[in-house]
Structure formats: C-alpha cells, structure tokens
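J.: Please find the sequence and the predicted model below.
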Amino acid sequence: MGCPEELLVLDIAKGQRDPQKQKDVAGRSGRIRSNGAWIGMSGGFWVIVQNFSFLLDLAIRKCQNVQTNDYCVILLFYQAWTCIMKKCWVFLLICTAIAACGRQASASSGVVIDGLFDGASVYDTGFEVSFSLDGADAGVENPLPGGQIWFHTDANGDLSVAFIQPKTLVDNSYGDNSVGWGSSGHKLSQLQKSDLAQFVFKDVDRMTVLDLTLEYGKGLAPDNSPNFSSTILTIDPNDESLVLAHQSSLGKNFENFGVSDPGFFDPINNSSSPLTLNNGNLTLDSDSYTVANAAHVAWEFAVIYEFKIDGRIFGPGGFDPNPDPNNVGSLLGLMLPTVHDSPNKVALEATTLINGGPEPPGGPVIPEPGSMMLLSFGALGLLGYGYRRRRKAVRTD
C-alpha cells in the first residue's frame, strides 16, 4: 500500500507566517524567543539525527519492496526537514510525533525467522532459562543459568519463539577451534546427530494444542546436501503447516558462510568453526567468542532455535506467557520437557527450568534516552506553542 494522496500533495507553504508579522517579531531585537518554535526545531533535528540509521534501513526496505508503508515514514522525515527550512513549526511537531510512532511500530511489526535473536526491541516477552544438571562436573553451578526464551505475538496472533541456550552448556564451536570443550572436544557431526528441543504449547484451558520437536542442525537442501538448518522431527497434531517458519543458528551460519567458507561445514573431515582469540582456553572470558578474523564476525556461537507457529491453535484466548504456579519451571502456555545436547560441556544430561516473571532477563525494557528526549521536546514544544498563542491573543485584545 502506498501513501495517502493527501500526504503526498501536502502544501508546506500554507503553514508559513504572514510576512508582516514575521517582520514585527524580528524587530523586537534583544528578546529571547522563548517559545515552541525553537524547541520544535530542536526536536526535529533530534529526530533526524537519532533515526538516521532507521531512515536508511527503511529506504533499503523500500527498494526491496518490503513493507512499503514505511515509505510514508520516510516522507514524514522529509516533510519535517522541509518544515525546519520553512519555519513551519506546528507541522514539524506533527511530523515529529508521527515519525516517532512509525519508528516504534516498525520495530515491533514482526520477527524475521532466521535462527538469530533479534533483541528485546522485537521480542517483547522473555524469561531466563536455567538447566538442572545430572552428573555435573565438579565446581559447575547447578542449576546452570544463562539460557533465555523469548516470545512475540504478531498482530494476526501468530507466535514467534526464540530459545537460546547458554554457551557455558553448548555452542557452535567445534573441531580444532572448539571453545571450552576440554580434551573431548566437539564435532560438527555431533550438532547434527541428536541435538533437539521439544516445545509443548497449551491454550488458556491448559489443554495441549501443539507438541513440537525440532532437530537442531539436520536439515537438507533440495539436492539432499546438508544445509544444517532445523528440521521438524515430530509434531502433534500431525500438521506441519502449523509451523510457519523455523531455523537454527547453525543453519544461519551455513547461510552466511557455506559458500565463502565451505571448510567450516565438512563433518566427514571434522571441520572447524572460526578461530577465536581465546581458542582452547577452558575458562570462558570476554575473548572466548571474539573471532580472530573480522570476516567471520557474523558467526553465531550461541545455539538458538527460532520458529513461528500459527496463533489460531490457541483459540480466542491466545498464548499465555505467564509462569505456571502449579508447575515450577514451566509457563501456562509452554513447557520444555526435553532439550537434548549430545554432548554438552558440563554434565551427562540437563533439564530446563523457565524462571522469572513476564519481563526480559535482566529487568524490564525502558525507553532509550533518545526516545525520552524526543517526548520531552514534543511536550515542551506544544506547551511553548500554546503559551505563545495565548500571549498573541492577549495583545490582540
């Protein structure tokens, strides 16, 4: 859908002040113009500077014919700049507000299922996941913290899920460049053979509506060559169309490097993942997953399952992400009965426990300083504009 015609043909010049009035105001030299005009101009500049990367991203997506409604937001930025040049402060404030709303709407408009975690700006509800260890190595924290599970419900009710395992338990390092795996090491073929995760979804009546098990890296391309993506191992009810999309971070690594660095993906010859600065050190630190070659910076070391399911399975009540008071370690709408990593770094077996309240791990998301500043500029601008109009009305009387 394109932009409304009336937005495209909007005449900014209509918002200009009368020339004689501008001359009268200019003649009052030495007086500081403490009104909403300058505050609005500052807000407009702030929007443009703060959202430059967002604007560029929208332009790229427009060229790719993705979400073309975002073109309207680009036009609003252009109109805001025009307003600054022509001193049309009222319309500038309108552009500022609408552009900010457009930025927020775009950030939460949906999730790209690519095997990567897109962050709390897209996924809106998250929990920490810990792992109860059976046969844990000496000195290992038990339960082992650091996992995460995140949810996002689209406007049409479809549910996106990102399950991230802690790198202290398992990771996408293997071969000669395994990180923290000890003398036993870690092989690419082990990520393919039996690693899986089971997700059991329930509706508001606590009835199971979907029992889904994804294999981590066993996917095949159309020519039967491995593409290391996730695959559906089992699904109940037996309808794979309920899973709208799925991918693993290993599959995403193959998408990024399978052509440029095919040596990373040769399980027969025990290939190795990218070299890191702390390669071979059993103690994980800040350099453990810093790649030695900048060309490999996009390699995702965390083991991530990401997928989207048809929200209609939950019925009118939708998905309930709140903790289950009668089943510690589970949510009312989801259980993780099986997560199998063979091997993992620290134990014979691990059982998942979903912890915390319905907010992202580490605390609730708060507005970024730029957004708060933008809101402040807008509020002050409107107050200043109203004050100036009031003063003009008094002088007229």
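T.: Structure received. Everything numeric here is computed off the predicted structure, so don't read it as measured data.
J.: can you list the domains in this protein?
T.: When the chain is parsed with automatic domain parsing, its domains come out as 5-25+33-109+371-396, 125-355.
J.: ranking the ones you listed by mean pLDDT, which is last?
T.: Taking the mean pLDDT of each of these, the lowest value is held by domain 5-25+33-109+371-396, a mean of 49.
J.: In this model residue 275 seems to touch residue 173, though I could be wrong.
T.: No - using C-beta atoms under 8 Å, residue 173 is not in contact with residue 275; the gap is 9.7 Å. The C-beta positions use only the backbone N, C-alpha and C, and glycine is treated the same way.
J.: More neighbours: which of those two?
T.: For the pair residue 173 and residue 275, the greater number of neighbours falls to residue 173 (24 against 15), based on other C-beta atoms under 10 Å.
J.: what about the more buried one, which SS state?
T.: With DSSP: H, G, I helix; E, B strand; the rest coil as the basis, residue 173 sits in coil.
J.: how about the closest residue in space to it that isn't next to it in sequence, phi and psi?
T.: Ranked by C-beta to C-beta, 6 or more residues apart in numbering and with sequence neighbours excluded, the top spatial neighbour of residue 173 is residue 179, at 4.2 Å. Its backbone dihedrals place residue 179 at phi -110, psi 110, with angles given as degrees, to the nearest 10.
J.: number of nearby residues for residue 179?
T.: Residue neighbour count, defined by other C-beta under 10 Å, stands at 24 for residue 179.
J.: What segments of this protein are strands?
T.: Secondary structure of the chain, counting by DSSP state E: strands at 125-134, 144-153, 159-164, 196-202, 208-215, 231-236, 243-248, 304-309, 334-335, 339-340, 349-355.
J.: is it possible to export those strands to CSV including distance to residue 296 and mean neighbour count?
T.: Listed next are the strands of the chain as CSV, based on distance: least, C-beta to C-beta, whole Å; neighbours: other C-beta atoms under 10 Å:
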stretch, distance to residue 296, mean neighbour count
strand 125-134, 27, 20
strand 144-153, 23, 21
strand 159-164, 20, 23
strand 196-202, 26, 20
strand 208-215, 25, 19
strand 231-236, 25, 14
strand 243-248, 18, 20
strand 304-309, 17, 24
strand 334-335, 34, 21
strand 339-340, 27, 20
strand 349-355, 28, 20
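J.: any chance of those in TSV, plus distance to residue 224?
T.: What follows is the strands of the chain, written out as TSV (distance: least, C-beta to C-beta, whole Å):
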stretch	distance to residue 224
strand 125-134	34
strand 144-153	32
strand 159-164	27
strand 196-202	21
strand 208-215	16
strand 231-236	13
strand 243-248	18
strand 304-309	23
strand 334-335	33
strand 339-340	25
strand 349-355	32
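J.: quick one, helices of the stretch 151-300 of the chain?
T.: The residue ranges that make up the helices of the stretch 151-300 of the chain, judged by DSSP state H, counting those that start in this stretch, are 188-193, 249-257.
J.: Comparing those helices, which comes out most buried?
T.: When you average the neighbours per residue for each of the helices of the stretch 151-300 of the chain (mean count of other C-beta atoms under 10 Å), helix 249-257 leads with a mean of 23.
J.: can you list the residues that contact it?
T.: Surrounding helix 249-257, the residues in contact under the criterion C-beta atoms under 8 Å, 6 or more residues apart in numbering are 114-116, 172, 191, 216-217, 219, 227-230, 264-265, 296, 298-300, 302-304, 306.
J.: go again using 7 Å as the cut-off
T.: Helix 249-257 has contacts (C-beta atoms under 7 Å, 6 or more residues apart in numbering) with 114-116, 172, 191, 216-217, 219, 227-230, 264-265, 298-300, 302-304.
J.: quick one: contacts for residue 243?
T.: Shown in contact with residue 243 (C-beta under 7 Å, 6+ apart): 212, 232, 235, 307, 309.
J.: so what's it bridging to?
T.: As for beta bridges, residue 243 partners with residue 309 under DSSP bridges.
J.: and it, how far is that from residue 311?
T.: 12 Å (C-beta to C-beta, to the nearest Å).
J.: got it, and residue 351?
T.: According to C-beta to C-beta, residue 351 stands 28 Å off from residue 311.
J.: Could you do residue 204 as well?
T.: When distance is defined by C-beta to C-beta, residue 204 is 13 Å away from residue 311.
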